[in-house]
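Asker: Sharing a sequence plus its predicted fold:
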Amino acid sequence: MGITSFYFLCFFAAMLILYYCIPKKLQWGFLLVCSVAYYLMTGNGLLILYPIVSVSACYLGIRFLSNLPAEKEKERKWVLLITILVNIGILAVLKYVNFGIYTIDGIAHLFGSSDTLIESVDFLVPLGVSFYTFSLLGYVVDVYYGIAAPQKNYLKLALYGMYFPVIISGPILKYREHGEQFFEPHPFDYRQVSYGLQRMIWGFFKKLVIAERLGMLVDTVYGQYTDYPGVYIWVATICYAFQLYTDFSGCMDIVLGMSESLGIILPENFNTPFFAKSVAEYWRRWHITLGVWMKDYVFYPVLRSGFFTKLNRSWKEKFGKKRGKQYATFVAMFILWLTVGIWHGGDWKFVIGSGLLHWFYIVMEELLAPPCAKMMDKLHIDGKGRTVNVIRMLRTFLLVCIGDLFFRAASVGDAFAMLRGAVTTWNWPVLWDGSLLQLGLDMVEMAITVVSLLILYGVSLLQQKGSVRDKIAKKPLPVRWLLWYALLFYVILLGCYGPGYSASEFIYQGF
């Protein structure tokens, strides 16, 4: 039952009404029941055993950590390690066993073997396994370090780990910042409920009007890329960048709006990433909660480890204080981005397209920044000027698109073949001879897509100056209702949905 389906909207509407009718002290329990019900209705009901095992392991780990005094550091470390291994072990088995198998078979083929050494294994993967695993593990680590209070109620921890809007595709939570609000009473607040519903409409606009249309064009080219070389690949890749953004951020808008209407404020996951002027800034604006989690629980611990402390000291002596520290940081960043790539999926296309390629971009940005600044000074170019910033945004967008090409391609081999086809074929006339209208979108559909992207761009510009919903809320009542009803009917009339059409799957839902 996807969150864009009619049945889910009925489920949520009924849940929202009941949520504000029942006694406030029962609201968190009601949310847990709804979360379990949603999980059971999304597919194989037995898959709920996976999050239950993860919650149980973390609950036991938290209880042991809270009962062990600080003096028993060795025992506390063992408890933390076992809890991490149980959760990461489940994640690794479900998502990465085949990754290892395919890698071994691939290496064997490189050395001339024509046989498959190890057969792949098919697992049913539970919904949102990466999201709830990271949210729970982060909480256990925080309890270990004493920066989060231990939750002693198993059912409350289960709600935190299995809260159904978040389990769909994030965001990744921090208990110390967002956990306790799940259990607080939430009286009906008209402004909060209306704000939440407004945000949900905006999410449906992104997903059903834009992402679904762009997906038709992208699927056509990427599914038969040998028939569509050159400019076709560039157009499809740019369209995929916007499809991925509108799909994922649209899902976040629906999830965050849904939670807001329940009185629960979740962390933002996007901040107009295509306005970023560097790849590093892009990742501070894209999938924000994943980036924060990776920094807090992977990058900083690695950087503070004994090995890297020695490496940092050694390289400072060898390369100088500034360079030595920078080079050691680059190595720690390599581990960080390798982990980010692996998190996205058990395939080398994710490791490259969402991980190591971005590590390379950021390292090159760091190394080239000083000479580029000197060159611009010599040429009397204002490094903070509007034109330069626009060029930086376009450069960043292009680099991100190349990573997205790997992300979307069927395999690493296909990704390199597409890149080769994109740069060796010069067929620019397809931009104006009508050929692009043969890729799944006719003139009317293309016009709807372009207009919708312009609306998205305009709203994104306004977001740079503050909340758009706050701005609309200050308008006279007729203007407010006109704007929101216009958007609602825009989605109803132009959205891609209905009998025979499935728009329920989100790209990041499988992670």
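Answerer: Alright, I've got the coordinates.
Asker: Just the pLDDT for Tyr490.
Answerer: With respect to pLDDT, Tyr490 scores 93.
Asker: Doesn't it belong to a helix?
Answerer: Yes - according to DSSP: H, G, I helix; E, B strand; the rest coil, Tyr490 belongs to a helix.
Asker: Where do the helices of the stretch 351-500 of the chain begin and end?
Answerer: Remark: helices assigned in the stretch 351-500 of the chain by DSSP state H, counting those that start in this stretch are 357-378, 386-408, 412-424, 443-463, 468-473, 477-494.
Asker: Now mean neighbour count and distance to Gly306 too, for those, in TSV please.
Answerer: Using the backbone N, CA and C atoms, a C-beta is placed for each residue, glycine as well. Listed next are the helices of the stretch 351-500 of the chain as TSV, based on neighbours: other C-beta atoms under 10 Å; distance: least, C-beta to C-beta, whole Å:
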stretch	mean neighbour count	distance to Gly306
helix 357-378	14	23
helix 386-408	17	33
helix 412-424	16	35
helix 443-463	14	44
helix 468-473	14	48
helix 477-494	13	55
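Asker: between these, which one is nearest to Thr226?
Answerer: For Thr226, the closest of the helices of the stretch 351-500 of the chain is helix 412-424, at 7.4 Å, according to C-beta to C-beta.
Asker: Just the CA atoms of the closest one, as CSV, please.
Answerer: Extracted C-alpha coordinates of helix 412-424, given in CSV (Å, rounded to 0.1, in the frame of the first residue of the first chain):
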residue,chain,number,x,y,z
VAL,A,412,28.6,-0.2,-14.1
GLY,A,413,29.3,-1.5,-17.6
ASP,A,414,26.1,0.1,-18.9
ALA,A,415,27.0,3.3,-17.2
PHE,A,416,30.4,3.5,-18.9
ALA,A,417,28.9,2.5,-22.2
MET,A,418,26.3,5.3,-21.8
LEU,A,419,29.0,7.8,-21.0
ARG,A,420,31.0,6.7,-24.0
GLY,A,421,27.9,7.1,-26.2
ALA,A,422,27.1,10.5,-24.7
VAL,A,423,30.5,12.0,-25.6
THR,A,424,31.2,10.3,-29.0
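Asker: those helices in the stretch 101-250 of the chain, which residues are they?
Answerer: 129-144, 154-162, 164-169, 190-204, 212-223, 231-261.
Asker: Including mean pLDDT, distance to Tyr39 and mean neighbour count, could those helices go into TSV?
Answerer: Formatted as TSV, those follow (pLDDT from 0 to 100; distance: least, C-beta to C-beta, whole Å; neighbours: other C-beta atoms under 10 Å):
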stretch	mean pLDDT	distance to Tyr39	mean neighbour count
helix 129-144	92	10	23
helix 154-162	95	7	21
helix 164-169	85	7	24
helix 190-204	94	21	19
helix 212-223	94	25	20
helix 231-261	95	15	23
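Asker: Show me the one of those that comes nearest Ala409.
Answerer: helix 212-223 (6.7 Å).
Asker: Who are the packing partners of that closest one?
Answerer: helix 231-261, helix 443-463 (3 or more C-beta pairs under 8 Å, 6 or more residues apart in numbering; DSSP states H and E).
Asker: if we can go back for a sec, and of the helices of the stretch 101-250 of the chain, who's closest to Val459?
Answerer: Within those, the stretch nearest Val459 is helix 190-204; the backing value is 7.9 Å (C-beta to C-beta).
Asker: how far does that closest one sit from the chain's center?
Answerer: 21 Å (C-alpha atoms, centre = their mean, to the nearest Å).
Asker: what residues does that helix touch?
Answerer: With contact meaning C-beta atoms under 8 Å, 6 or more residues apart in numbering, helix 190-204 is reached by 4, 16, 249-263, 459, 469, 472-473, 484, 487-488, 491, 495.
Asker: and what of stretch 337-349?
Answerer: Residues external to stretch 337-349 that are found in contact with it (C-beta under 8 Å, 6+ apart): 95-99, 102-103, 130, 290, 294, 298, 350-356, 358-359, 362, 406-407, 409, 411-412, 415, 510-511.
Asker: tally of neighbours for Gly45?
Answerer: Gly45: 11 surrounding residues under other C-beta atoms under 10 Å.
Asker: for it, what are its contacts?
Answerer: Applying C-beta under 8 Å, 6+ apart to Gly45 gives the contacts Tyr39.
Asker: Go again with 10 Å.
Answerer: Applying C-beta atoms under 10 Å, 6 or more residues apart in numbering to Gly45 gives the contacts 36, 39.
Asker: Return the distance of it relative to Val292.
Answerer: Between Gly45 and Val292 the computed distance is 33 Å (C-beta to C-beta, to the nearest Å).
Asker: my guess is Ile472 meets Trp484, correct?
Answerer: Yes - applying C-beta atoms under 10 Å as the test, Ile472 and Trp484 come out as touching, 7.5 Å apart.
Asker: Hmm, Asp133 is touching Met162, no?
Answerer: Just so we're on the same page, residue 133 is Thr rather than Asp. No - judged on C-beta under 10 Å, Thr133 makes no contact with Met162 at a distance of 11.6 Å.
Asker: Which residues are in contact with each of those two?
Answerer: With C-beta under 10 Å, 6+ apart, Thr133 and Met162 have common neighbours 51, 54.
Asker: can you list the weak-confidence ranges in this structure?
Answerer: 1, 43, 98, 102, 105-106, 108-124, 498-511 (pLDDT under 70).
Asker: Walk me through the domains of it.
Answerer: 6-188, 189-270+409-511, 279-392 (automatic domain parsing).
Asker: now those as a markdown table including distance to Cys401?
Answerer: Converted to a markdown table, the domains of the chain look like this (distance: least, C-beta to C-beta, whole Å):
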| stretch | distance to Cys401 |
| --- | --- |
| domain 6-188 | 22 |
| domain 189-270+409-511 | 5 |
| domain 279-392 | 10 |
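Asker: And the residue nearest the centre of this protein?
Answerer: His287 (4.3 Å; C-alpha atoms, centre = their mean).
Asker: Got the phi and psi for it?
Answerer: Torsion angles at His287 (phi, psi; degrees, to the nearest 10) stand at phi 50, psi 60.
Asker: Apart from its chain neighbours, what residue comes closest to it?
Answerer: Nearest residue to His287, sequence neighbours excluded (C-beta to C-beta, 6 or more residues apart in numbering): Asn269, at 6.0 Å.
Asker: Do I have it right that that neighbour meets Ile172?
Answerer: Yes - with contact defined as C-beta under 10 Å, Asn269 reaches Ile172; the gap is 8.5 Å.
Asker: shared neighbours, those two?
Answerer: Shared contacts of Asn269 and Ile172 (C-beta under 10 Å, 6+ apart): 287-291.
Asker: So which of those is the closest to Phe397?
Answerer: Proximity of these to Phe397 (C-beta to C-beta) peaks at His287, which lies at 16.2 Å.
Asker: Could you dump the shared contacts of Asn269 and Ile172 into a markdown table with distance to Lys384 and secondary structure added?
Answerer: Shown next, in a markdown table, are the shared contacts of Asn269 and Ile172 (distance: C-beta to C-beta, whole Å; DSSP: H, G, I helix; E, B strand; the rest coil):
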| residue | distance to Lys384 | secondary structure |
| --- | --- | --- |
| His287 | 27 | coil |
| Ile288 | 25 | helix |
| Thr289 | 30 | helix |
| Leu290 | 30 | helix |
| Gly291 | 25 | helix |
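Asker: Just send those back as TSV, with distance to Ile84 too.
Answerer: Formatted as TSV, the shared contacts of Asn269 and Ile172 follow (distance: C-beta to C-beta, whole Å):
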residue	distance to Ile84
His287	22
Ile288	23
Thr289	19
Leu290	18
Gly291	20
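Asker: And these, which is closest to Pro150?
Answerer: Proximity of those to Pro150, judged by C-beta to C-beta, is greatest for Thr289, which lies at 22.1 Å.
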